[in-house]
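1. sequence first, predicted coordinates after that:
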Amino acid sequence: MKLIHTADIHLDSKLSRHLDDARAAERKNELLSTFQNIVHYAVSNSVDAILIAGDLFDIRNISATARDAVISVILNNPNITFFYLRGNHDAGAFLDAFKNRIQSDLPENLKLFKETWTSYHFTGQDGTEVVITGAEINRDNNTALESSLALNQAECNIVMLHGQESETKGKNDAEIIPIRSYQNRGIDYLALGHIHQPKIAQLDARGTYSYCGCPEGRGFDEIGPRGFNLLTVKDGTVDVRFVPFAQRIIYDMKVDVSNALTNDDAVGLIRSAFEEGGVLFKDLAKVRLSGETGIDVHFDIAYIAHVLNENYYLIRVKDESRPAVVYDSFIADMSLKGEFVRMVKDAVDREQIDEEDAGKIIALGIRLLSGEEKLS
């Protein structure tokens, strides 16, 4: 038996924080097409069911485009069972719209959960049997769910939840999943949603728990490969494999520009880092310039980003490099520059400022005294 574990798709996300209107609309459509492509993957690879562990949608008032696409993909694939557990972003409006469109009860291949434990005995195409159990967590039922979970340990058990992993549960914490409370309960696989970073870890001697992460990164806090988990159930055990599937990958890269003298030098180093790191033209990246540079080197990050954005989908550049403190070049200079550098060195000696700040102050001061920079 094969199952897909996905979550945190966040259809209809606005995506306006980092993207202009055109690319935000494009990425919004890509989130939807990625979900559709996951279903196509399931069809092509004889997957029996798709477990959606919360936050299929991002907002309460979903668009007709997203609503109709999800309804169609469920109705058009009756051989795949969709186990849909709502998360904190999901609302009941989608299910109401679903019923209104088909003018009947929800289809047999869509299984839902409640605020109490709901279990489904599910048989795959190969005759393998599993029990899929889930509940929608909130502030009122969290503690009760922990104590009321009762599983038949002779069966293969998959449990679905949506919430924040924690070693312990604080008082009245909503959507908190204290992992220890679900150990030694007969769980073979704990399918989680809410955390967008993929993670597969051991639950106890018997089972595994996992956040599959979001299938598409939406911002620079969701870096790295994105996709879903493919579960293979055989002889009562659940094998888990993460499948990278995102249309675009988001990177956060630190590039050492110590040897760069110009903006174009920095661009060349960044391009080399992209090539080495596997960044493709369709990807997004936040680049953080690092290292120690010459006192007279000044990077124009707007220019660097502009040049890179001619080839890549979206590049953001931040200058975290610092000027190397070179007192010897100015310490004996009988000029305003020399006097300024001596004042800064004296402040360092008195421990009024540190070496890193001294480098930045000297670099700025030299540019001001050279007329390359103006006080605003």
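-> Nice, I can see it. Numbers count the residues shown, from 1 in each chain.

2. CA atoms for contacts and neighbours, from now on please.
-> OK.

3. next secondary structure after the longest helix along the chain?
-> In the chain, taking DSSP state H as the definition, the longest helix is helix 21-44. Next helix or strand after helix 21-44 toward the C-terminus (DSSP states H and E): strand 49-53.

4. any idea how far the following helix or strand past that next one is from the middle of the chain?
-> Downstream of strand 49-53, the first helix or strand assigned by DSSP H and E is helix 64-75. The chain centre lies 24 Å from the centre of helix 64-75; the measure is CA atoms, centre = their mean, to the nearest Å.

5. who does whatever helix or strand comes next after helix 64-75 touch, helix- and strand-wise?
-> With elements assigned by DSSP H and E, the helix or strand that comes after helix 64-75 is strand 81-85. Applying 3 or more CA pairs under 8 Å, 6 or more residues apart in numbering; DSSP states H and E, we find strand 81-85 packed against strand 49-53, strand 110-112, strand 157-162.

6. break down the stretch 101-250 of the chain into its strands, ranges please.
-> 110-112, 118-123, 129-134, 157-162, 164-166, 176-178, 189-193, 199-202, 208-211, 227-234, 237-244, 250-256 (DSSP state E, counting those that start in this stretch).

7. closest one to residue 317 among those strands?
-> strand 250-256 (9.7 Å; CA to CA).

8. quick one: low-confidence parts of the stretch 101-250 of the chain?
-> 169-173 (pLDDT under 70).

9. show the contacting residues for the residue nearest to the spatial centre of the chain.
-> Relative to the mean C-alpha position of the chain, the nearest C-alpha, by CA atoms, centre = their mean, is the one of residue 222, at 2.9 Å. Neighbouring residues of residue 222 by CA atoms under 8 Å, 6 or more residues apart in numbering: 196, 197, 250.

10. bridging residues for the last one?
-> Assessed by DSSP bridges, residue 250 has beta-bridge partners residue 224, residue 284.

11. got a list of what it touches?
-> Here residue 250 is in contact with 217, 219, 220, 222, 223, 224, 225, 283, 284, 285, 286 (CA under 8 Å, 6+ apart).

12. next, the residue nearest to the centre of the chain: phi, psi?
-> Backbone torsions of residue 222, given as degrees, to the nearest 10, read phi -130, psi 70.

13. what's the spacing between it and residue 62?
-> 23 Å (CA to CA, to the nearest Å).

14. could you dump the strands of the stretch 101-250 of the chain to JSON lines with distance to residue 296?
-> Below are the strands of the stretch 101-250 of the chain laid out as JSON lines (distance: least, CA to CA, whole Å):
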{"stretch": "strand 110-112", "distance to residue 296": "63"}
{"stretch": "strand 118-123", "distance to residue 296": "67"}
{"stretch": "strand 129-134", "distance to residue 296": "61"}
{"stretch": "strand 157-162", "distance to residue 296": "53"}
{"stretch": "strand 164-166", "distance to residue 296": "48"}
{"stretch": "strand 176-178", "distance to residue 296": "52"}
{"stretch": "strand 189-193", "distance to residue 296": "50"}
{"stretch": "strand 199-202", "distance to residue 296": "45"}
{"stretch": "strand 208-211", "distance to residue 296": "48"}
{"stretch": "strand 227-234", "distance to residue 296": "45"}
{"stretch": "strand 237-244", "distance to residue 296": "44"}
{"stretch": "strand 250-256", "distance to residue 296": "17"}
